[in-house]
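Participant: this one's sequence-less:
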């Protein structure tokens with residue numbers, strides 16, 4: 001039952017317990033108790049809205065994807081550095097990667113300069129950070145499974161001879 005509830009909430013976090021109960025054929029009270037238990041245990045950490053770039057305040061935000069190469073710590077591997085990076089309010093997402101870089105983080109700021117200052121003044125100065133690679137987000141096409149822009153009407157040009 002947990003898997004079904006999580007799947008439904010991932011696709012639409014605004015579903016009520018009653019709506020979920022109808023879809024998976026259990027009682028509303030069972031669903032409510034299950035969700036409450038997952039929230040208390042930390043399985044569900046929060047709920048969020050996926051908002052287009054046209055939303056008020058979005059135009060003043062700059063996002064960057066930053067890949068970080070790290071020297072792993074003998075005792076904690078990458079965890080010590082990752083926990084330190086995660087504490088910065090500019091960092092919205094952080095994960096361990098396989099490949100050329102060890103960590104990938106998403107950083108938000110009010111300007112390109114603010115993000116650049118974060119990288120040079122905070123991130124690069126952390127003991128264990130070897131190098132970084134920063135790419136600024138220019139346009140979002142899809143986020144969390146949601147297409148961010150509606151399909152544009154396309155009309156083929158007529159060719160006459």
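Facilitator: The structure has been received and is ready for your questions. For clarity, every value in this text was computed on a predicted model and none was experimentally measured.
Participant: Please count neighbours and contacts with C-alpha atoms only from this point.
Facilitator: Noted.
Participant: partners of the helix or strand of the chain with the lowest mean pLDDT in the sheet?
Facilitator: Every helix and strand of the chain was ranked by mean pLDDT, DSSP states H and E. The lowest is strand 146-147, at a mean of 84. In its sheet, strand 146-147 lies beside strand 142-143 (antiparallel), with partners assigned from DSSP bridges.
Participant: sorry, back to before: now what about the least confident helix or strand of the chain, what contacts it?
Facilitator: Contact with strand 146-147 is made by 50, 141, as judged by CA atoms under 8 Å, 6 or more residues apart in numbering.
Participant: at 6 Å what do you get?
Facilitator: Identification of contacts with strand 146-147 by CA atoms under 6 Å, 6 or more residues apart in numbering yields residue 141.
Participant: how long is stretch 103-119 from one end to the other?
Facilitator: In stretch 103-119, first residue to last residue: 14 Å (CA to CA, to the nearest Å).
Participant: Please name the residues that touch residue 94.
Facilitator: Residue 94 sits in contact with 104, 105, where contact means CA under 6 Å, 6+ apart.
Participant: One more: residue 132?
Facilitator: 67, 68.
Participant: name the helices or strands packed onto the strand or helix carrying residue 34?
Facilitator: Per DSSP states H and E, residue 34 falls inside helix 28-41. Contact here means 3 or more CA pairs under 6 Å, 6 or more residues apart in numbering; DSSP states H and E; on that basis helix 28-41 packs against helix 17-24.
Participant: Next, the buried residues of the helix it packs on.
Facilitator: Judged by neighbour count using 16 or more other CA atoms under 10 Å, the buried positions of helix 17-24 are 17, 20, 21.
Participant: Could you identify the helix or strand that succeeds the helix holding residue 34?
Facilitator: strand 62-70.
Participant: So which residue is dead centre in the chain?
Facilitator: residue 93 (5.2 Å; CA atoms, centre = their mean).
Participant: what are the phi and psi values for residue 77?
Facilitator: phi 60, psi -130 (degrees, to the nearest 10).
Participant: what's the burial count for the residue nearest to residue 18 when sequence neighbours are not counted?
Facilitator: Excluding the flanking residues, the one nearest residue 18 by CA to CA, 6 or more residues apart in numbering is residue 28, at 5.0 Å. By other CA atoms under 10 Å, 16 other residues sit near residue 28.
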